[in-house]
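Participant: A structural model of the following input is requested.
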Amino acid sequence: MTTVREIRLKSRPSGLPTHDNFELASVDLPPPAAGEVQVRNLWMTVDPYMRGRMNDVKSYAPPFQLGKALDGGAIGEVTASNDPALKTGDLVQSGFGWREGFNAAAGAVQKLDPRGLPVQAFLGAAGMPGLTAYVGLLKIAALKDGDVVFVSGAAGAVGSMVCQIAKAKGHTVIGSAGGAEKAAFLKEIGVDHVIDYKAEKDLNAALAAAAPDGIDVYFDNVGGSHLEAALNNARLFARFAICGMISIYNATKPEPGPSNLAQLIGRNIRMEGFIVSHHFGMMPQYIADLSNWVAEGKVTWKETVFDGIEKAPDAFIGLFKGENLGKMLVKLG
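Facilitator: Purely as a prediction, here's the structure:
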C-alpha cells in the first residue's frame with residue numbers, strides 16, 4: 001500500500017479562491033489491478049480555466065465535485081504496472097493532477113516521449129497552452145502576411161507563445177502585460193511594442209500609440225478593457241481569437257460587456273471564441289513546427305514553479321494575482 005496526498009475542493013469559491021476552499025488529504029493506493037498502472041506524479045499544472053470548474057454550473061467541462069480531488073494536466077512516472085502496454089519507469093501524461101500519485105487504467109494515461117525537451121514542457125509550451133496559442137493564432141485568427149498582432153496576457157503561458165509564433169512568422173507584435181519584469185521578458189523574446197497596462201492610465205491610447213495604423217489580429221486572454229481597446233483600434237476585417245477572459249473569472253456578479261461592441265459592424269471584425277480540446281488534431285503539426293522554431297532559436301519559454309502538493313492552491317490563486325511569468329507549475333517529484 002502506498003500513501004499519497006491530494007488536494008480536494010472543500011467549498012466552492014465566491015470571487016477569488018482562498019485557501020479555505022481547498023483541503024489536503026491522504027489516501028492509500030493499493031497495488032494496481034489488472035489493466036491498471038500506478039503513477040507517481042512529477043509535475044502538475046494549474047490553469048485559469050479551472051476556476052470555472054469550481055462553480056456548480058454546466059459548461060464545456062464538468063464541475064469539480066466537493067470533497068473530491070481536483071484534476072488537471074500532470075506528468076508522472078509509472079511505479080507499478082499490471083498492463084503490458086506500460087512498464088515501470090515509463091513517463092506518462094494524464095489528467096490526474098492535484099495529487100502525488102494515482103491508480104488508473106493504462107488506457108487513461110498517455111506514454112510520453114520527451115524528444116529531448118524537459119518533461120514539464122509538455123504541460124506548457126509543448127502541451128495544451130502552446131497548442132492553444134498555435135490554434136488561436138493560425139486557425140481561429142487566420143494569420144496572414146502583413147498582419148499586426150495584439151496579444152493580451154502576453155507574458156503568460158499562452159500569450160508568450162502567441163507572441164513568439166507571430167514573430168517567428170515575421171509579424172509585428174504588440175504585447176500587453178502587467179509589471180516591469182513581465183514587460184522586460186516580452187522585450188527579451190522580441191515583442192515589438194510592449195504595453196505595461198499597470199503603468200498606463202489609458203490602455204486605449206497606449207494601443208493606439210503602438211499601432212497607429214491599427215491592428216489586424218487580437219488574441220484575447222483577458223477581456224474587459226483590453227477587448228475594448230482592441231475593438232477601438234481594429235482595422236477593417238480584423239480577426240479576434242477569444243481564448244480567455246481572466247479579468248472576469250472571479251466576478252461575483254455579471255460583468256457588463258464592452259461598451260463599443262458596435263465596432264464589430266462598422267469595421268467588419270470577425271470575433272470567435274474557441275476551446276483547444278476541439279483542435280487536438282493539430283498537435284502533431286504544432287510539435288513539428290515547435291521543434292523547428294526551438295532549433296532555430298526563435299522560441300523559448302519561462303516557468304514559475306511552486307514545490308510540493310501543499311503549494312498547489314498557492315500556485316492556482318497566484319494566477320489571478322499575476323504572480324506567474326510564463327507557465328505556472330507545481331513540482332511534485
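Participant: And the pLDDT for the residue positioned nearest the centre of the chain?
Facilitator: Centroid-nearest residue in the chain: Pro129, 4.3 Å away (criterion: Cα atoms, centre = their mean). In this model, Pro129 is scored at 97, pLDDT.
Participant: residue contacts, it?
Facilitator: Shown in contact with Pro129 (Cβ atoms under 8 Å, 6 or more residues apart in numbering): Asp47, Leu123, Ala157, Val158, Met161, Lys327. Glycine gets a C-beta too; all of them are placed from N, C-alpha and C.
Participant: Looking at the residues you listed, which are in helices?
Facilitator: With helices taken from DSSP state H, the overlap with the contacts of Pro129 comprises Ala157, Val158, Met161.
Participant: So which of those residues is the closest to Lys331?
Facilitator: Distance ranking of the ones in helices among the contacts of Pro129 against Lys331, using Cβ to Cβ, places Ala157 first at 15.8 Å.
Participant: correct me, but Trp301 touches Gly124?
Facilitator: Yes: with contact defined as Cβ atoms under 8 Å, Trp301 counts as touching Gly124 (6.1 Å).
Participant: how about the helices in the stretch 51-200 of the chain?
Facilitator: Residue ranges of the helices in the stretch 51-200 of the chain, as given by DSSP state H, counting those that start in this stretch, are 128-134, 157-168, 180-188.
Participant: Columns distance to Asp83 on top of these, output as JSON lines?
Facilitator: Putting the helices of the stretch 51-200 of the chain into JSON lines (distance: least, Cβ to Cβ, whole Å) gives the following:
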{"stretch": "helix 128-134", "distance to Asp83": "25"}
{"stretch": "helix 157-168", "distance to Asp83": "32"}
{"stretch": "helix 180-188", "distance to Asp83": "43"}
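Participant: right, so those: which one is the most enclosed?
Facilitator: helix 157-168 (a mean of 27; mean count of other Cβ atoms under 10 Å).
Participant: Show me where this structure dips below the pLDDT cut-off.
Facilitator: Nowhere does the chain drop to pLDDT under 70.
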